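**Q** below are the sequence and a predicted model for it; my questions follow.
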Amino acid sequence: MESQSITILSNEGFAPHPVAVDHPEVAGRKGRHEFRNVSIVAVVAIAVLLPIVVFGIPNGADLPNHLRFALPFYESIQAGHLHPGWLAESNYGLGDPRFIFYPPGLYYLLSASRMLTGEWFSASILVFLFLSIAGGLGAYFWAHTIFSPSVAMWTGILYTLAPYRLNELYQASLLSEYAACSVVPLAFAFVERVIRKKSIYDVIGLGAAYALLILTHLPITVIGSLALTAYALIRIERKFLLATLARLALGVTLGLAASSFFWTSMLAELSWIKGNSAGLNPYYDYRLNFLFSPSALTNRNTWYANVLALAMIGFLLPGLVFILRSFKQEKSKRALTAVLALLLVTFLMATSLSKPVWAIVPKLSEVQFPWRWLSITSLMGAILFAAGIPKWQEQLRKRIRPRDLAVGLAFALSLVFIGTQIIQESEYISRAKFEPMVQEVRGAVSFKDWLPASARDFNNVEKMSAKVDAGARPVTVTSWEPERRTFHLGAGSENTVQVRTYFYPRWTAYADGRPLPVTANADGLLLISAPPQATDIQLIFAQPPRVRVFEIVTVMSWMLILSSLLLAAIKMKGKRAAASGSQ
């Protein structure tokens, strides 16, 4: 057999020294060992969702909002429109442009699952299982770039079980955030690999992960981008600073290109919706949502976040007990420094101690809930806890100290909280009740932030019984699709036609191929200036030319990403075949 140099892991669980071994045999054992670890993480990720599989979909506060988005999104894809812009059924038919401003990643996944399963109940559960497994394996993949496979396995397991992560799904139905937190570990993994290696495939992997992050949840994108930047700055070796920064920038640029069909329109059209201009709802004011602040006494949302934070502290406390001893491992010192720094900083960012930072950093206030930083804290705590497990095993073989019992009790109480307050206390919707609910929530009033800038709240709009009102002129609606409507207008002297749809600058009207002026009335409903003669009018929710340009950019970027991943897989398969042939 051919003898080659490969990396063997020390007993402490950190990646250290190369030694000469028989490559094929050891590689086979290593492959089987890693497959076992990956399988264990996946099984745990499935196990924590067994209550959902058995009892039904958790009915969190945000679930109806996601369903109101997912159903028309899926129907639009079925109709051949892959990226819709107008949610026509919202506000009981007046519509809103939410599709333009809310990341579509989760809804593409739900739509694909719906096509596969044929109904929404199973589609939702399948997506939850996929995201749980993806998050655990992403954490495993990141930890494996630094630590031993066993430490990586425990990182994946602990991240899957983290109180904040399970609460996203079981209690709050923060489904897009849950999806984004399944991507975040993968982004950290590729940042680490870009820093440690010079492979173009890792740069492309970073681009894919960052694109997926942008396309799933904007607040976690903001938080994750800041955390990834801080992590990279700590981890980069100064002598390779410029080259590493260039590779990281290339990966981020690719991620921006691969998600450009979404964020370019979002940024270009922000001034076309109300956003926060109509007055900030105190519920979303970050100043009232800090952990352990006086506002928690009157804000039930923040009060529960405090309890959740305490459970998370108990869950992750064992990772801090042996942290100083772990730092003695020279090979892992820089990585542990970055992880520990992020754990402390992200936790502080959730408290009022970070108020000056929130006031200075642009767009950070739009994260709304400072406790969202616990998503990153959970990931950092999982890897620190996992890195300390070999020390715990060593300590428990020697003797158990009172401090160990106290830490063990805190961890046990956290597990009790997860089981009783997060999972058991969830309200589950059975299959029989879920499908009718899916239809019942359609078309409800949307958040005012999504309304066009000229629109009045639905409850204050003068009600229209018909889809089109032209006064005394007869109107016959011939087609009424979400983004394309046609109707025949009879002859008459009245030149203003009112449509039961909110005005938005993308709406364009044509009569016999000629554009017609389109404006908004006092309620924000769409008005068309029509000619006096009988005519057929087309009303189209048009795409600006830039939309088509960035759709092409997105498609080309993903073609590059997918072809590169395929090429990397082929090369890896070739290497394994060559290794097997050397036996």
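**A** Perfect, I can see it now.
**Q** wait, a helix at L340?
**A** Yes: when DSSP: H, G, I helix; E, B strand; the rest coil is applied, L340 is found to be in a helix.
**Q** distance of it from A79?
**A** L340 sits 51 Å away from A79, taking CB to CB, to the nearest Å as the criterion. All C-beta atoms are positioned from the backbone trio N, CA, C, and that covers glycine.
**Q** more crowded one of these two?
**A** L340 (21 against 12; other CB atoms under 10 Å).
**Q** ok, the more buried one - contacts?
**A** When contacts are counted by CB atoms under 8 Å, 6 or more residues apart in numbering, L340 touches I323, M380, L384.
**Q** tally of neighbours for K239?
**A** So K239, with other CB under 10 Å, has 8 neighbours.
**Q** one more: Y304?
**A** For Y304, the neighbour count with other CB under 10 Å is 16.
**Q** so which strand or helix has it?
**A** Per DSSP states H and E, Y304 falls inside helix 300-316.
**Q** would you list the phi and psi of the spatially closest residue to L71 that is not a sequence neighbour?
**A** Closest residue in space to L71, ignoring its immediate chain neighbours: R442 at 6.1 Å, by CB to CB, 6 or more residues apart in numbering. With angles defined as degrees, to the nearest 10, R442 sits at phi -70, psi 140.
**Q** so what's R442 scoring on pLDDT?
**A** Here, the pLDDT recorded for R442 equals 90.
**Q** dump the residue contacts of it.
**A** L67, R68, L71, P72, E89.
**Q** which of the contacts of L340 fall in helices?
**A** The helices, defined by DSSP state H, take in I323, M380, L384 from the contacts of L340.
**Q** where does the second one sit relative to N299, distance-wise?
**A** Using CB to CB, one gets 26 Å for the distance from M380 to N299.
**Q** now swap in A569 and tell me
**A** For A569, the distance to N299 equals 49 Å [CB to CB].
**Q** with I146 instead?
**A** Per CB to CB, I146 is found 38 Å from N299.
**Q** about what we covered before: output the helix holding Y304 as PDB, nothing but the C-alphas.
**A** Extracted as PDB, the C-alpha positions of helix 300-316 are listed here (Å, rounded to 0.1, in the frame of the first residue of the first chain):
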ATOM      1  CA  ARG A 300     -45.100  40.200  27.400                       C
ATOM      2  CA  ASN A 301     -43.100  39.500  24.400                       C
ATOM      3  CA  THR A 302     -39.800  40.700  26.000                       C
ATOM      4  CA  TRP A 303     -40.700  39.100  29.300                       C
ATOM      5  CA  TYR A 304     -40.900  35.600  27.600                       C
ATOM      6  CA  ALA A 305     -37.600  36.400  25.800                       C
ATOM      7  CA  ASN A 306     -36.000  37.000  29.200                       C
ATOM      8  CA  VAL A 307     -37.100  33.500  30.400                       C
ATOM      9  CA  LEU A 308     -35.900  32.000  27.100                       C
ATOM     10  CA  ALA A 309     -32.500  33.800  27.500                       C
ATOM     11  CA  LEU A 310     -32.200  32.300  31.100                       C
ATOM     12  CA  ALA A 311     -33.000  28.900  29.700                       C
ATOM     13  CA  MET A 312     -30.300  29.400  27.000                       C
ATOM     14  CA  ILE A 313     -27.800  30.400  29.700                       C
ATOM     15  CA  GLY A 314     -28.500  27.200  31.600                       C
ATOM     16  CA  PHE A 315     -28.200  25.200  28.400                       C
ATOM     17  CA  LEU A 316     -24.900  26.600  27.300                       C
END
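**Q** can you pull the buried residues of that helix?
**A** 302, 304-306, 308-316 (16 or more other CB atoms under 10 Å).
**Q** including distance to M437, could the residues you listed go into CSV?
**A** Formatted as CSV, the buried residues of helix 300-316 follow (distance: CB to CB, whole Å):
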residue, distance to M437
T302, 28
Y304, 24
A305, 27
N306, 31
L308, 26
A309, 31
L310, 33
A311, 30
M312, 31
I313, 36
G314, 35
F315, 32
L316, 36
